[in-house]
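Asker: give me coordinates for this.
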Amino acid sequence: MKKYLLALGLSSALLLGACSDDKEEVEKDAPITLEQEEQKNEQAEAHFDVVEQFIKIAYFDEGAYDDFVALYADPAKANTEEEFNNFRETTTAEEQFPVDSDSVEKMLKHLVAVAVDDTHAEVYWVEDKAKATKADAAYVWQLVDVNGAWKIQ
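Answerer: Modelled structure (predicted):
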C-alpha cells in the first residue's frame, strides 16, 4: 500500500510539474506588448520630450525650422527648409494619425518609448498601447543620446 501511495504521489507531482511548464511556455511565446517593454524604460520621459517637440513643430506649427533641425543628431538628415515648409502646408496630423490627432496632449497618450540600450531608444506611435507590438506601430522615431541630450537619429 505504501508503494502505491508513493507512486501516486510521485505521479501527481510530475503531472503538476508538467502542467506548470506548459503554462510558462505559453506565456513565453505570447508577444510582448510595447507597453510591457516600455515599463523597463527609466528614461521614457526624456524620450517623449524630443518626439513631443517634433510633433508640435511639424504638425502644430509650434516652432521654426531652426527648432526642427535642432531635434536631429545630424542636422544634415533633417528635411530641407523648403521640404519642411511644404510638409507643414500640405500635411495635417489628422491625415497621419488615425485617432486623437486633434491635440498634442491626446497624441502623446499613444506614444511608447522603449530603450534599446544606454544610448539608443525608439518611440512608437500606436493606436492602443496595451495591445500593440512593434509591428503595429504607425510611426517609429529612432533616438540617440548626444552628449546627454536625446536627439532624432
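
Asker: which parts of this structure are strands?
Answerer: Secondary structure of the chain, counting by DSSP state E: strands at 111-117, 120-125, 139-146, 149-152.

Asker: which helices and strands does the longest one pack with?
Answerer: Strand 139-146 is packed against helix 44-60, strand 120-125, strand 149-152, with contacts defined by 3 or more CB pairs under 8 Å, 6 or more residues apart in numbering; DSSP states H and E. (Each C-beta comes from the backbone N, C-alpha and C, glycine too.)

Asker: how about residues contacting it?
Answerer: Contacts with strand 139-146, where a contact means CB atoms under 8 Å, 6 or more residues apart in numbering, come from 47, 50-51, 54, 73, 96-97, 118-125, 134, 150-153.

Asker: just checking: what are the partner strands of it?
Answerer: strand 120-125 (antiparallel), strand 149-152 (antiparallel) (DSSP bridges).

Asker: so which bits of the longest one are buried?
Answerer: Put plainly, it is strand 120-125. Going by neighbour count (16 or more other CB atoms under 10 Å), the buried part of strand 120-125 is 121-125.

Asker: just the helices and strands packed on strand 139-146: most buried one?
Answerer: Counting by mean count of other CB atoms under 10 Å, strand 120-125 has the highest mean neighbour count of these, with a mean of 22.

Asker: chain center to that one, what's the gap?
Answerer: For strand 120-125, the separation from the chain centroid amounts to 5 Å (computed by CA atoms, centre = their mean, to the nearest Å).

Asker: repeat that for stretch 121-138.
Answerer: The answer for stretch 121-138 is 5 Å, by CA atoms, centre = their mean.

Asker: output it as PDB, nothing but the C-alphas.
Answerer: Output in PDB follows, covering the C-alpha atoms of stretch 121-138 (Å, rounded to 0.1, in the frame of the first residue of the first chain):
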ATOM      1  CA  ALA A 121      15.900  54.400 -27.900                       C
ATOM      2  CA  GLU A 122      12.800  54.000 -30.100                       C
ATOM      3  CA  VAL A 123       9.500  55.900 -29.700                       C
ATOM      4  CA  TYR A 124       6.400  54.400 -31.300                       C
ATOM      5  CA  TRP A 125       3.000  55.800 -32.100                       C
ATOM      6  CA  VAL A 126       0.300  53.200 -31.800                       C
ATOM      7  CA  GLU A 127      -3.400  53.200 -31.500                       C
ATOM      8  CA  ASP A 128      -3.600  51.000 -28.400                       C
ATOM      9  CA  LYS A 129      -0.600  50.900 -26.200                       C
ATOM     10  CA  ALA A 130      -1.900  47.900 -24.100                       C
ATOM     11  CA  LYS A 131      -2.200  45.600 -27.200                       C
ATOM     12  CA  ALA A 132       0.300  47.000 -29.700                       C
ATOM     13  CA  THR A 133       3.600  45.300 -30.600                       C
ATOM     14  CA  LYS A 134       6.400  46.800 -32.700                       C
ATOM     15  CA  ALA A 135       4.700  45.500 -35.900                       C
ATOM     16  CA  ASP A 136       1.600  47.600 -35.100                       C
ATOM     17  CA  ALA A 137       3.400  50.900 -34.900                       C
ATOM     18  CA  ALA A 138       2.300  53.500 -37.400                       C
END
